[in-house]
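Engineer: Below are the sequence and a predicted model; questions follow.
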Amino acid sequence: MALITWSSKYSVGVEVLDNQHKALIDILNEFHAASIRGKAQQVAGPLIRRMVSQAAEHFATEERLLESSSYPGLAGHRKAHQELTAKVAEFVLRHEKGDTTMYMQLLYFMRDWLAKHMQTLDHEYAVSIDAVCPAPSRLSRIHSSSSPLAISRRHDAKCPFSQEKDAL
């Protein structure tokens, strides 16, 4: 049973960011599955390192894209990323000290934080993204849980999101 399942309600309409969100979800689900099988201690180190690395890559990508679109909420968004990074660093220290009780706490914390972040702060920048790179019917799709996940930015030289995708 998955800890968190990707859904169109999490989509920000930028393929590279959605794929990074999916990668974070995959790591959480892999860690959760190992925990259920009693294997958390064996996989914790590598999966926590992957999660930290994936989050850092995602935050850097997202912040570059938001900066290039002149998103007015970038400072607050960056602060949320910094706060999460600090909180996860506390979990990492506990892990390094041999605290195995933190595994489930970390999983549920990350699940809740990620779901809330994607549905609130990440969706707030959708308007700025649409101003720079409109996607057809994007706003109606965000609010429709039954909508398909066929949302992507148009390929346009003026669109920094297209350029970022090409650069990756």
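Structural biologist: Ah, there it is.
Engineer: In the chain, which residue is most central in space?
Structural biologist: Closest to where the C-alpha atoms of the chain average out (C-alpha atoms, centre = their mean) is His21, at 3.5 Å.
Engineer: list the contacts for that one?
Structural biologist: Listed by C-beta atoms under 8 Å, 6 or more residues apart in numbering, the contact partners of His21 are 6, 10, 12, 58, 114, 118. C-beta: built from backbone N, CA, C; applies to glycine.
Engineer: Redo these as TSV? Include pLDDT.
Structural biologist: As requested, these are exported to TSV (pLDDT from 0 to 100):
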residue	pLDDT
Trp6	97
Tyr10	94
Val12	90
His58	96
Leu114	97
Met118	94
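Engineer: These: which two are farthest apart?
Structural biologist: The largest separation in these, counting by C-beta to C-beta, is between Trp6 and His58 at 14.3 Å.
Engineer: Surely His58 touches Ile25?
Structural biologist: No: His58 is beyond contact range of Ile25, at 11.4 Å (criterion: C-beta atoms under 8 Å).
Engineer: which of the two has more neighbours?
Structural biologist: The neighbour count for His58 versus Ile25, taken as other C-beta atoms under 10 Å, is higher for Ile25 (22 against 18).
Engineer: any idea which helix or strand carries that one?
Structural biologist: Using DSSP states H and E, Ile25 maps to helix 15-36.
Engineer: May I have that helix as PDB, with CA atoms only?
Structural biologist: Output of helix 15-36 as PDB, limited to C-alpha atoms (Å, rounded to 0.1, in the frame of the first residue of the first chain):
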ATOM      1  CA  GLU A  15       6.500  18.500 -16.600                       C
ATOM      2  CA  VAL A  16      10.000  18.700 -15.100                       C
ATOM      3  CA  LEU A  17       8.600  19.800 -11.700                       C
ATOM      4  CA  ASP A  18       5.800  17.200 -11.800                       C
ATOM      5  CA  ASN A  19       8.400  14.500 -12.500                       C
ATOM      6  CA  GLN A  20      10.500  15.700  -9.600                       C
ATOM      7  CA  HIS A  21       7.500  15.600  -7.300                       C
ATOM      8  CA  LYS A  22       6.700  12.100  -8.600                       C
ATOM      9  CA  ALA A  23      10.400  11.100  -7.800                       C
ATOM     10  CA  LEU A  24      10.000  12.300  -4.200                       C
ATOM     11  CA  ILE A  25       6.800  10.400  -3.900                       C
ATOM     12  CA  ASP A  26       8.400   7.300  -5.200                       C
ATOM     13  CA  ILE A  27      11.200   7.500  -2.600                       C
ATOM     14  CA  LEU A  28       8.700   8.000   0.200                       C
ATOM     15  CA  ASN A  29       6.700   5.000  -1.000                       C
ATOM     16  CA  GLU A  30       9.800   2.800  -1.400                       C
ATOM     17  CA  PHE A  31      10.900   3.700   2.200                       C
ATOM     18  CA  HIS A  32       7.400   3.100   3.500                       C
ATOM     19  CA  ALA A  33       7.200  -0.300   1.800                       C
ATOM     20  CA  ALA A  34      10.500  -1.300   3.300                       C
ATOM     21  CA  SER A  35       9.300  -0.100   6.700                       C
ATOM     22  CA  ILE A  36       6.200  -2.300   6.500                       C
END
